[in-house]
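> sharing a sequence plus its predicted fold:
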Number of protein chains: 2
Amino acid sequence: MHRYTYKDMYGRVCRLANALEGLGVERGDAVGTLAWNHFQHGEIYFSVPCMGAVLHTLNLRLFRDHLIHQIKQAEDKIIFLDYTEIPAVEAIKDKIPSVKAFVIMMTEDKLPKTKLSPVYSYEDLIGKFLPEYSWPDMDENTPAALLYTTATTGMPKGCLYSHRMLYLDYLSALAVDAGYHVSEKDTIICLAPMYHVLGWGYTYLCQLCGANQVYTGIHPTVQDFCNLVQNERVTHMCGVPTVLTDILAAQEKGKIDFSTLLYVMSSGSLATIPEIKGYAKLGIHVLQPWGMTETGPLACMNFVRSDDWETLSEKQKFEKMTRNGYISPGVEWKVVTPDGRDVKWDGKEAGELLVRGPWLVNEYFKDPRRSAETWKAGWMHTKDVVTVDETGCIKIVDRLGDMIKSGGEWISSVDIESLLMQHPQVAKACVVAVPHPRWEQRPYAFVVPKDEFKEKIRGEDIRNFLKDKVARFWIPDVIEFVDQIPETAVGKFDKRLLRQRVAEK
Amino acid sequence: MHRYTYKDMYGRVCRLANALEGLGVERGDAVGTLAWNHFQHGEIYFSVPCMGAVLHTLNLRLFRDHLIHQIKQAEDKIIFLDYTEIPAVEAIKDKIPSVKAFVIMMTEDKLPKTKLSPVYSYEDLIGKFLPEYSWPDMDENTPAALLYTTATTGMPKGCLYSHRMLYLDYLSALAVDAGYHVSEKDTIICLAPMYHVLGWGYTYLCQLCGANQVYTGIHPTVQDFCNLVQNERVTHMCGVPTVLTDILAAQEKGKIDFSTLLYVMSSGSLATIPEIKGYAKLGIHVLQPWGMTETGPLACMNFVRSDDWETLSEKQKFEKMTRNGYISPGVEWKVVTPDGRDVKWDGKEAGELLVRGPWLVNEYFKDPRRSAETWKAGWMHTKDVVTVDETGCIKIVDRLGDMIKSGGEWISSVDIESLLMQHPQVAKACVVAVPHPRWEQRPYAFVVPKDEFKEKIRGEDIRNFLKDKVARFWIPDVIEFVDQIPETAVGKFDKRLLRQRVAEK
């Protein structure tokens, strides 16, 4: 366990900046990281952009070809990696000629044998340099970080953030109501990986306001997460819904003390009513943001407005809490129907969400073709299909590609999924479109039963459960029970793989 | 009493933008206001900048020559005024040729006879136009507002704010801890005039987060303020310390219900310990910001850090609350001694505060000479002399010009003033430097006794009170009891006038 103050951190950030200069890193050079969530990774977050270089976080779960593509496209000059990632990097070392050095984040005495060369140990490297650094003045549009987002087809797409964008995004994330609800008084833990949209920016955000941060380290387990929350008296936790669900179960089982925890932010996708209720029982409020790698990520935050608290029933409040919320102050947006008309603010009519704003990117890195598909006349076409209620609160009903077109009508796969997950015997559910000779497409459900109901649950139970909740034609034709649902590199259900699996049957 | 929603307001803002176009206002034109705090003034705050023109707020207490100077320098094309200001504008109407129309903020039937021409009534004018407007896309650096600040000598100095600066300032004012502590749940009342640094920006800030606003109207009294707080269930109030003191007295006397009030922001100058304690007794926290017209205004906010809450004694906490606080995230700063060295962060060594940042102006409007005196190498020299404690919390100890140089040592007039105001029989106190043949300068105190101690209090009492609190040479040579202390147009003690008064004796 490593524990230090921001002041101590600052000295090490300076040492690292000197070390980077020593390794030949110059203004505009990209520096890659392939690392878990820990304090050394956090130091790199500051040293690299503040000396004028570009932080390029690599996803630990990337496929080999994607890894090579990203490093080559970014032209990473140095790669910082955890010892766990040595085999992955050794396997590609001859295909990434831009990389001039590898730094393994540990002390020299523990450094394992490796074919990587030249190779340095992080601690011994920075120990050789002074804890002071003369930071350059830079234009606000200087590139600071390069992040990639997985694409439905083809290589990951890069988003280049400037210093200006980072500052604006995290300043907006400090805003009351519309922000992360993190203040100087808080201790936060982010379970989302730091390679995923800069770990939602907590490293920067906490520095901006002086909050304490807890990093989860290498190969953390759900039990580790729970213990850290209890022992570090964490007040604010962030993670994807599936992890949040696992944690809730582990907390209950282990009677772990969550009494300090006030907020849980559900990142990546929306928490469902059972998750929200589970945390609410412990007095914990679930926050729902919306964003993408392209939007910084924060572009929208759900909070229950004070007049809603006063007037809504408990049931209505929980329903409101499953929405994505209100677009951030400073981000412009509109929601348009396929024929280009603005949708009605009635909470019913759905359209695609279009956004633009001062901390949103407006192109993919070195990728004019795919940029042109996404940005049109300055607006980013998010492919998220949303409704807007009369207060301006948005709710994603589906991804453009995941909507199911059946008999000339739209079926929302997401809506069916959240209904399925409300069934008392269901742990997880995922619904995809499969081709149909008459209706064009039909919904097909993959369902993971809770452990105690495996082998017992039947498709008929599920269909009966849905009967009075959705239109008849929304009920999936096939309900397949599975032990688990495959996920993408960023922890979302891999609908593409599921569709393929059905197609191959 | 006028009461409406932001949605209703929006329609009127559109009508007004159409009306401005109808009156011939074009991109970049300045539009003056000479008005109290009310909803029509708030509408002008939006229509003028958002259509591409420049909002120019004129101080109701300006001297005639300053008024003419500002209108001429800004080249105001239209002036919006309250009926109370008709005589002031009639008196100068022949000296402000740029002005093409006057709009009096009332309905036509109430319009008084006036020599102003052409003259319109606000309500009838906007009533003729549609509640929809096609707002232009503008570069973020487009000028939005022109504000003037009084100068120690010479004409007021103009500060031109861009849209970018306004947005950044108010986004930072929404930040947890470092901001105004205003959220969607709040109802605010700003007692500072809207012509004074845009009334600290509450009009914009509240829109940005959805808070309710209460405007105080024409010629409000302290009793009006108290009634509005009670009747509108205000949660957040902002005003200068002298008004806050008057309100506290009126609240106590009238047993007015302040139970909804959570925060009071002391603007213009620092609240003293008695004021802070008086509000604390009612469960109300006093916030202390620091800023100037040149800084947006928000550049610093005092809040008691959570570790301080845990470790400090009650006395230490109150002392901490009299400081100016922590510089806003995004504003760069340093505190330098007269010989250009950074001060020690020990809470003792004093130096001049220098600032620069994305929402701070870096020149005075059409005034290169005085700009060059204030901005050097990109840094604004604030003339505020501050100390910095080990946590980075700053405290203004004096204005450069108000420090008293006695026998080669500095005496802080502000420190003596706040000690004097802690004397149980003293209502207000102001200390100025007067020339001295031997010591160069000596402190001279003007003291307003509390009503019940008038004629009873003696200079000896005061001197004895100070004896064990400051060095012997800090004790003022003369303590003059007065009924009131003259104030400047912005409600601060007029030290220049007081020095002059002593000189003429």
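All right, it came through fine.
> now do the SS call for A:Asp137.
Assigned with DSSP: H, G, I helix; E, B strand; the rest coil, A:Asp137 falls in the coil class.
> gap between the helix or strand in which A:Asp398 is found and the chain center?
Per DSSP states H and E: A:Asp398 is located in strand A:394-399. In terms of CA atoms, centre = their mean, to the nearest Å, the centre of strand A:394-399 is found 17 Å from the chain centre.
> just checking, what packs against the helix or strand that that strand is followed by?
For strand A:394-399, the following helix or strand on the C-terminal side (DSSP H and E) is strand A:404-406. Using 3 or more CB pairs under 8 Å, 6 or more residues apart in numbering or on different chains; DSSP states H and E, the elements in contact with strand A:404-406 are strand A:409-411, strand A:426-436, strand A:440-449. C-betas here are computed from N, CA, C, even on glycine.
> who touches strand A:404-406?
A:410-413, A:431-433, A:436, A:439-443, A:473 (CB atoms under 8 Å, 6 or more residues apart in numbering or on different chains).
> tell me the bridge partners for the spatially closest residue to A:Lys344 that is not a sequence neighbour.
Nearest non-adjacent residue to A:Lys344, counting by CB to CB, 6 or more residues apart in numbering or on different chains: A:Val388, 8.0 Å away. In this structure, A:Val388 bridges to A:Ile394 when assessed by DSSP bridges.
> isn't A:Val388 up against A:Gly347?
Yes - taking contacts as CB atoms under 8 Å, A:Val388 lies within contact range of A:Gly347: 7.1 Å.
> looking at those two, which has the bigger crowd around it?
Shown here are A:Val388 and A:Gly347; by other CB atoms under 10 Å in any protein chain shown, A:Val388 has more neighbours (25 against 15).
> so for that one, what's the pLDDT?
According to the predicted model, the pLDDT of A:Val388 comes to 97.
> quick check: A:Met301 touching A:Ala178?
Yes - the criterion here is CB under 8 Å, and A:Met301 meets it with A:Ala178 at 5.0 Å.
> shared neighbours, these two?
Residues touching both A:Met301 and A:Ala178 by CB under 8 Å, 6+ apart: A:Tyr326, A:Ser328.
> CA atoms only: put whichever strand or helix holds A:Lys383 into PDB for me.
Using DSSP H and E, A:Lys383 sits in strand A:379-388. Only the C-alpha atoms of strand A:379-388 are listed here, as PDB (Å, rounded to 0.1, in the frame of the first residue of the first chain):
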ATOM      1  CA  TRP A 379     -22.500  18.400 -35.100                       C
ATOM      2  CA  MET A 380     -21.400  15.100 -33.700                       C
ATOM      3  CA  HIS A 381     -24.000  12.400 -34.600                       C
ATOM      4  CA  THR A 382     -23.800  10.200 -31.500                       C
ATOM      5  CA  LYS A 383     -25.900   7.300 -32.800                       C
ATOM      6  CA  ASP A 384     -27.600   7.300 -29.400                       C
ATOM      7  CA  VAL A 385     -31.300   7.300 -29.800                       C
ATOM      8  CA  VAL A 386     -32.900   9.300 -27.000                       C
ATOM      9  CA  THR A 387     -36.200  10.700 -25.700                       C
ATOM     10  CA  VAL A 388     -36.500  14.100 -24.000                       C
END
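> against B:Asn212, how distant is the residue of the stretch 201-350 of chain A found nearest chain B?
Per CB to the nearest CB, A:Ser306 is where the stretch 201-350 of chain A lies closest to chain B, at 4.3 Å. As defined by CB to CB, to the nearest Å, A:Ser306 lies at a distance of 10 Å from B:Asn212.
> and those two? Which one has more around it.
B:Asn212 (20 against 16).
> so the more buried one touches B:Cys206, yeah?
Yes - contact criterion CB under 8 Å: B:Asn212 and B:Cys206 qualify, at 7.2 Å.
> which neighbours do these two share?
Taking CB under 8 Å, 6+ apart as the contact rule, B:Asn212 and B:Cys206 both touch B:Ile188.
> neighbours of A:Gln316, how many?
If you count neighbours by other CB under 10 Å, A:Gln316 ends up with 12.
> quick one: contacts for it?
Residues near A:Gln316 by CB under 8 Å, 6+ apart: A:Asp308.
> where's it, which helix or strand?
helix A:314-321.
> touching chain B at all, the helix or strand that that helix is followed by?
Following helix A:314-321 in sequence order, the next helix or strand is strand A:326-327 (DSSP H and E). No - if you take CB under 8 Å from any CB of the partner chain as the test, strand A:326-327 misses chain B, and the best it gets is 8.7 Å.
> one more: stretch A:168-186?
Yes - residues of stretch A:168-186 contacting chain B under CB under 8 Å from any CB: A:168, A:171-172, A:174-179, A:181-185.
> most neighbours among those residues, which one?
Most neighbours among those, by other CB under 10 Å: A:Ala178, with 29 neighbours.
> confidence score at that one?
As predicted, A:Ala178 sits at a pLDDT of 93.
> list the buried residues of whichever strand or helix holds A:Ala17.
Assigned by DSSP H and E, A:Ala17 belongs to helix A:6-22. Of the residues in helix A:6-22, A:Met9, A:Tyr10, A:Arg12, A:Val13, A:Cys14, A:Arg15, A:Leu16, A:Ala17, A:Asn18, A:Ala19, A:Leu20 count as buried by neighbour count, 16 or more other CB atoms under 10 Å in any protein chain shown.
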